[in-house]
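Visitor: could you look at this predicted model? Sequence included:
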Amino acid sequence: MTARFNHTIIASVDPEHMAEFYTDLLEADPAPSWGPFCNISLDDGVLLQFAAPPIEFPPQHYAFLLSEEHFDRAYQKICALKLEHWADPQRQQPGTINHEHEGRGVYLLDPSGHYLELITKGYLSPGS
(Lines give C-alpha, C1' and ligand atoms only; values in the text may rest on other atoms or scores of the structure.)
Protein backbone atom coordinates (compact mmCIF):
# COMPACT_ATOMS: atom_id res chain seq x y z
CA MET A 1 0.00 0.00 0.00
CA THR A 2 1.28 3.46 -0.83
CA ALA A 3 0.98 6.27 1.69
CA ARG A 4 -2.41 7.92 1.98
CA PHE A 5 -3.11 11.43 3.14
CA ASN A 6 -4.62 11.46 6.65
CA HIS A 7 -4.80 15.01 8.06
CA THR A 8 -3.40 18.51 8.04
CA ILE A 9 -3.57 21.53 10.30
CA ILE A 10 -4.68 24.75 8.61
CA ALA A 11 -3.60 27.95 10.37
CA SER A 12 -6.65 30.08 11.05
CA VAL A 13 -7.41 33.49 12.48
CA ASP A 14 -10.80 32.10 13.62
CA PRO A 15 -10.75 28.26 13.67
CA GLU A 16 -14.49 27.85 14.29
CA HIS A 17 -15.41 30.16 11.42
CA MET A 18 -12.93 28.39 9.14
CA ALA A 19 -14.37 24.98 10.04
CA GLU A 20 -17.88 26.25 9.25
CA PHE A 21 -16.72 27.81 5.95
CA TYR A 22 -14.99 24.63 4.77
CA THR A 23 -17.80 22.37 6.03
CA ASP A 24 -20.34 24.34 4.01
CA LEU A 25 -18.30 24.79 0.82
CA LEU A 26 -16.83 21.27 0.75
CA GLU A 27 -19.98 19.61 2.10
CA ALA A 28 -17.78 18.01 4.75
CA ASP A 29 -18.81 16.40 8.00
CA PRO A 30 -18.13 17.87 11.42
CA ALA A 31 -15.64 15.81 13.40
CA PRO A 32 -14.86 15.70 17.11
CA SER A 33 -12.65 18.63 18.10
CA TRP A 34 -10.04 18.72 20.85
CA GLY A 35 -7.47 21.08 22.28
CA PRO A 36 -6.93 24.03 19.96
CA PHE A 37 -8.39 22.20 16.93
CA CYS A 38 -11.76 22.62 15.20
CA ASN A 39 -12.00 19.55 12.99
CA ILE A 40 -13.94 18.47 9.93
CA SER A 41 -13.85 15.20 8.02
CA LEU A 42 -13.63 14.66 4.26
CA ASP A 43 -14.16 11.42 2.36
CA ASP A 44 -11.64 8.62 2.97
CA GLY A 45 -11.22 9.75 6.58
CA VAL A 46 -9.15 12.83 5.75
CA LEU A 47 -9.22 15.22 8.70
CA LEU A 48 -8.85 18.99 8.33
CA GLN A 49 -7.88 20.62 11.61
CA PHE A 50 -8.18 24.39 12.03
CA ALA A 51 -6.13 26.10 14.74
CA ALA A 52 -4.89 29.58 15.59
CA PRO A 53 -1.08 29.53 15.78
CA PRO A 54 0.76 31.88 18.14
CA ILE A 55 2.53 33.52 15.18
CA GLU A 56 1.60 35.26 11.95
CA PHE A 57 1.37 32.75 9.13
CA PRO A 58 1.84 33.01 5.36
CA PRO A 59 -1.02 32.01 3.09
CA GLN A 60 -0.99 28.42 1.87
CA HIS A 61 -2.62 26.76 -1.14
CA TYR A 62 -5.26 24.04 -0.74
CA ALA A 63 -6.87 22.32 -3.73
CA PHE A 64 -9.94 20.10 -3.54
CA LEU A 65 -11.31 17.75 -6.18
CA LEU A 66 -15.11 17.97 -6.46
CA SER A 67 -17.67 16.14 -8.57
CA GLU A 68 -19.31 18.18 -11.33
CA GLU A 69 -22.50 18.46 -9.27
CA HIS A 70 -20.65 19.49 -6.12
CA PHE A 71 -18.69 22.08 -8.10
CA ASP A 72 -21.98 23.55 -9.35
CA ARG A 73 -23.30 23.83 -5.79
CA ALA A 74 -20.02 25.27 -4.47
CA TYR A 75 -19.83 27.82 -7.26
CA GLN A 76 -23.43 28.86 -6.62
CA LYS A 77 -22.49 29.45 -2.95
CA ILE A 78 -19.42 31.46 -3.95
CA CYS A 79 -21.56 33.66 -6.19
CA ALA A 80 -24.45 33.95 -3.69
CA LEU A 81 -22.02 35.03 -0.96
CA LYS A 82 -20.40 37.44 -3.43
CA LEU A 83 -16.98 35.97 -2.66
CA GLU A 84 -14.21 37.31 -4.83
CA HIS A 85 -12.97 34.53 -7.11
CA TRP A 86 -10.86 33.98 -10.19
CA ALA A 87 -10.36 31.54 -13.05
CA ASP A 88 -6.59 31.64 -12.55
CA PRO A 89 -4.13 31.53 -9.63
CA GLN A 90 -2.62 34.87 -10.67
CA ARG A 91 -6.04 36.49 -10.09
CA GLN A 92 -6.09 38.08 -13.55
CA GLN A 93 -9.51 36.65 -14.56
CA PRO A 94 -11.96 37.74 -11.85
CA GLY A 95 -15.54 36.52 -11.46
CA THR A 96 -15.25 33.44 -13.64
CA ILE A 97 -14.05 29.82 -13.75
CA ASN A 98 -11.57 27.97 -15.95
CA HIS A 99 -12.01 24.87 -18.13
CA GLU A 100 -8.52 23.43 -17.78
CA HIS A 101 -7.44 19.78 -17.56
CA GLU A 102 -10.70 18.73 -19.23
CA GLY A 103 -12.67 20.00 -16.24
CA ARG A 104 -13.55 23.18 -14.41
CA GLY A 105 -11.79 25.13 -11.69
CA VAL A 106 -12.03 28.23 -9.56
CA TYR A 107 -9.74 30.03 -7.11
CA LEU A 108 -10.75 32.04 -4.04
CA LEU A 109 -9.41 33.12 -0.67
CA ASP A 110 -10.73 31.49 2.49
CA PRO A 111 -11.55 33.58 5.59
CA SER A 112 -7.94 33.31 6.84
CA GLY A 113 -6.42 34.37 3.51
CA HIS A 114 -5.35 30.95 2.21
CA TYR A 115 -5.61 30.25 -1.51
CA LEU A 116 -8.40 27.75 -2.14
CA GLU A 117 -8.73 25.91 -5.45
CA LEU A 118 -11.77 23.84 -6.42
CA ILE A 119 -11.42 21.57 -9.46
CA THR A 120 -13.46 18.86 -11.17
CA LYS A 121 -10.54 16.99 -12.77
CA GLY A 122 -7.23 16.13 -11.14
CA TYR A 123 -4.02 17.24 -12.79
CA LEU A 124 -2.82 13.67 -13.18
CA SER A 125 -4.90 10.87 -14.60
CA PRO A 126 -5.47 7.86 -12.29
CA GLY A 127 -2.41 5.70 -12.01
CA SER A 128 0.01 8.43 -13.11
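Guide: In hand now; what should we look at?
Visitor: residue 118 sits in which helix or strand?
Guide: Applying DSSP states H and E as the criterion places residue 118 in strand 115-119.
Visitor: for residue 66, see how far away the closest residue to residue 96 other than its chain neighbours is.
Guide: Ranked by CB to CB, 6 or more residues apart in numbering and with sequence neighbours excluded, the top spatial neighbour of residue 96 is residue 87, at 4.6 Å. (Glycine included, C-beta is placed from N, CA and C.) Distance, residue 87 to residue 66, using CB to CB, to the nearest Å: 16 Å.
Visitor: of the two, who's got more company?
Guide: residue 66 (22 against 19; other CB atoms under 10 Å).
Visitor: who does the spatially most central residue of the chain bridge with?
Guide: Centroid check for the chain by CA atoms, centre = their mean gives residue 116 as the closest residue, at 4.9 Å. Counting by DSSP bridges, residue 116 forms beta bridges with residue 62, residue 108.
Visitor: for it, give me its contacts.
Guide: If you count contacts by CB atoms under 8 Å, 6 or more residues apart in numbering, residue 116 has them with 25, 62-64, 107-110.
Visitor: what are the ranges of the strands in the chain?
Guide: Under the criterion DSSP state E, the chain carries strands at the ranges 7-11, 29-30, 38-41, 47-51, 61-65, 85-86, 105-109, 115-119.
Visitor: relative to residue 97, which of these is closest?
Guide: Closest to residue 97 of the strands of the chain is strand 105-109 (CB to CB; 4.6 Å).
Visitor: give me the mean pLDDT for the strand holding residue 118.
Guide: For strand 115-119, mean pLDDT is 98.
Visitor: now the angle from it to strand 105-109?
Guide: 160 degrees (axes from the mean of the first three to the mean of the last three CA atoms, to 10 degrees).
Visitor: buried ones in strand 115-119?
Guide: 115-116, 118-119 (16 or more other CB atoms under 10 Å).
Visitor: residue 95: which of those is nearest?
Guide: Closest to residue 95, out of all of the buried residues of strand 115-119 and judged by CB to CB, is residue 118, at 14.9 Å.
Visitor: which residues of the chain fall in helices?
Guide: Here the chain has its helices, by DSSP state H, at 15-26, 68-80.
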